[in-house]
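Trainee: need a structure here:
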Amino acid sequence: MDASTKTESAKAFSRNLLILAYAIAGKAVLALALALLTSNYAISEIASMAALLIAVAVLTKASAFRLDPAEVENEGDGVTLLRSTTESMRSIAAPLLGFLLCQSTQGIGLGALLTGRESLLLQTPFSFAMVEIGMFLCSACLIAIHSRIRDIVNFYYCAILASLLLLIVPWISADLSGGARVLITALPWGFSMSMLLAIVIVSLLNMQGKTRLAVSACSLGSYVAAIALAIAGFVALGDAVINAIWRSLLIVLIAYVGLDILRQYQAAERRIAETIGRHDEGKFDEYGLTNREKEVLTLLLQGRRATWIAQKLYISDNTARAHVRHIYQKTGVHSREELLDLMGL
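Mentor: Coordinates of the predicted model:
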């Protein structure tokens, strides 16, 4: 992918996130309004979520979202569609599983209602309000950072991992009770659920035609199945067992995301090494770099920082930073990201 395509992809991703942020905020407002009218918080949450998904479908149909220019239509026979659907489901597995894990908590709450027991998330006005405030906070966060996203992959993994780790917060404060316990449980749940949902939707928007429809159908089916299984699990196994299973699944998912990030990092290292191998001395000479600047450039392309480079080359931090500035000046770039784009990474 060349530099211009990367830039356009980042712009499309940023715009889509912004639209989704406002849509999520609208969903929270609708949920609160329905709760005031019906006093049924679980049903209000489900209805407002359905309204959000319908709104996204309408906006997509109206071409309000920008498609990623790097994505190319590649659909033909059924085998190709099946392959592309499978690959696309694999690409959104981490955020989708995280979102489903959040929604399974909603299913546990519904199971509690069916059996006449208490639920921390969606049964009282305070807990419901905290969930929606968590969604508002997520929307505000996306609005604040959407224009600053330069590396989509880094944002993708950082947002997923942060959202999953945020769900551990209630465990840290397990000794709390009353309003404090509800606050520390419902607020992170609303934030994490919204962030993971936004990542799933923005990933779906980058898919094409039939693949997007197939993956959307699979995701929606998984959403319904997760809630149904959570209800059945709560009724059949009880609160203690189903919550132990939920926590175990969260730990497994965090480990999976961590390993996936490691795999992506190793793949990036291999691509960088291959690119460096293609940029021989003659290529570097085009920019008029000194031998020391070539060494520094090679380390920069490996993702090293100035401090690490200084230690590796036995030079001072100031000297390393001076070499980096000279490299930027000679290659005509202003940041590490532009340098990586210039070198085809």
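Trainee: quick one, phi psi at Ile92?
Mentor: Backbone geometry at Ile92, expressed as degrees, to the nearest 10, gives phi -110, psi 10.
Trainee: quick one: it and Leu220, what's the gap?
Mentor: Taking Cβ to Cβ, to the nearest Å as the measure, Ile92 falls 13 Å from Leu220. To be clear about C-beta, it is placed using only N, CA and C from the backbone, and glycine gets the same treatment.
Trainee: what of Arg263?
Mentor: According to Cβ to Cβ, Arg263 and Leu220 sit 28 Å apart.
Trainee: hmm, back to that, the more surrounded of Ile92 and Leu220?
Mentor: Taking neighbours as other Cβ atoms under 10 Å, Ile92 and Leu220 compare with Ile92 leading, 22 against 11.
Trainee: how near is the closest residue to the more buried one other than its chain neighbours to Val131?
Mentor: Nearest non-adjacent residue to Ile92, counting by Cβ to Cβ, 6 or more residues apart in numbering: Ser203, 4.7 Å away. Going from Ser203 to Val131 by Cβ to Cβ gives 23 Å.
Trainee: kindly report the same for Ser216.
Mentor: 24 Å.
Trainee: between the two, who's got more neighbours?
Mentor: Neighbour tally, Ser216 and Val131, criterion other Cβ under 10 Å: the higher count belongs to Val131, 27 against 18.
Trainee: helix, strand or coil for that one?
Mentor: Of the three states, Val131 takes helix according to DSSP: H, G, I helix; E, B strand; the rest coil.
Trainee: next, count neighbours for Arg15.
Mentor: Neighbourhood size, Arg15 [other Cβ under 10 Å]: 16.
Trainee: quick one, what contacts it?
Mentor: 65-66, 146 (Cβ atoms under 8 Å, 6 or more residues apart in numbering).
Trainee: which PyMOL command selects the buried ones in those?
Mentor: Per 16 or more other Cβ atoms under 10 Å, the buried members of these correspond to this PyMOL selection:
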select buried, resi 65+66+146
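Trainee: nearest to Leu259, out of the contacts of Arg15: which one, please.
Mentor: Ranked by distance to Leu259 (Cβ to Cβ), these are led by His146 at 28.1 Å.
Trainee: I'd say that closest one and Ala12 touch.
Mentor: No - applying Cβ atoms under 8 Å, one finds His146 not in contact with Ala12, separated by 11.4 Å.
Trainee: now do the contacts for Cys141.
Mentor: 191, 195.
Trainee: could you list the low-pLDDT ranges of the stretch 151-300 of the chain?
Mentor: When residues are selected by pLDDT under 70, those of the stretch 151-300 of the chain lie in 151, 173-178, 268-285.
Trainee: not counting sequence-adjacent ones, nearest residue to Arg292?
Mentor: Leaving aside its chain neighbours, Arg292 sits nearest to His323 (6.4 Å; criterion: Cβ to Cβ, 6+ apart).
Trainee: helix, strand or coil for the one you found?
Mentor: helix.
Trainee: does Tyr287 count as helix, strand or coil?
Mentor: Following three-state DSSP, Tyr287 is assigned to coil.
Trainee: which residues does Val182 contact?
Mentor: 120, 124, 126-127, 130.
Trainee: picking up where we left off before, which of the residues in the host helix or strand of the residue nearest to Ile92 are buried?
Mentor: Element membership for Ser203, per DSSP states H and E: helix 178-205. Of the residues in helix 178-205, those with enough neighbours to count as buried (16+ other Cβ under 10 Å) are 181-205.
Trainee: do I have it right that the residue nearest to Arg292 meets Asn291?
Mentor: No - using Cβ under 8 Å, His323 is not in contact with Asn291, being 11.0 Å away.
Trainee: so these two - more neighbours on which side?
Mentor: Applying other Cβ under 10 Å to His323 and Asn291 shows that His323 carries more neighbours, namely 25 against 9.
Trainee: distance of the more buried one from Thr298?
Mentor: According to Cβ to Cβ, His323 stands 12 Å off from Thr298.
Trainee: also Thr115?
Mentor: Separation of Thr115 from Thr298 (Cβ to Cβ) stands at 63 Å.
Trainee: neighbour-wise, which of the two wins?
Mentor: Thr298 (15 against 12).
Trainee: tell me the pLDDT of Leu100.
Mentor: If you check Leu100, the pLDDT there is 92.
Trainee: quickly find the element holding the residue nearest to it when sequence neighbours are not counted.
Mentor: Once flanking residues are discounted, Leu100 sits nearest to Ala226: 4.2 Å by Cβ to Cβ, 6+ apart. Element membership for Ala226 (DSSP H and E) is helix 209-237.
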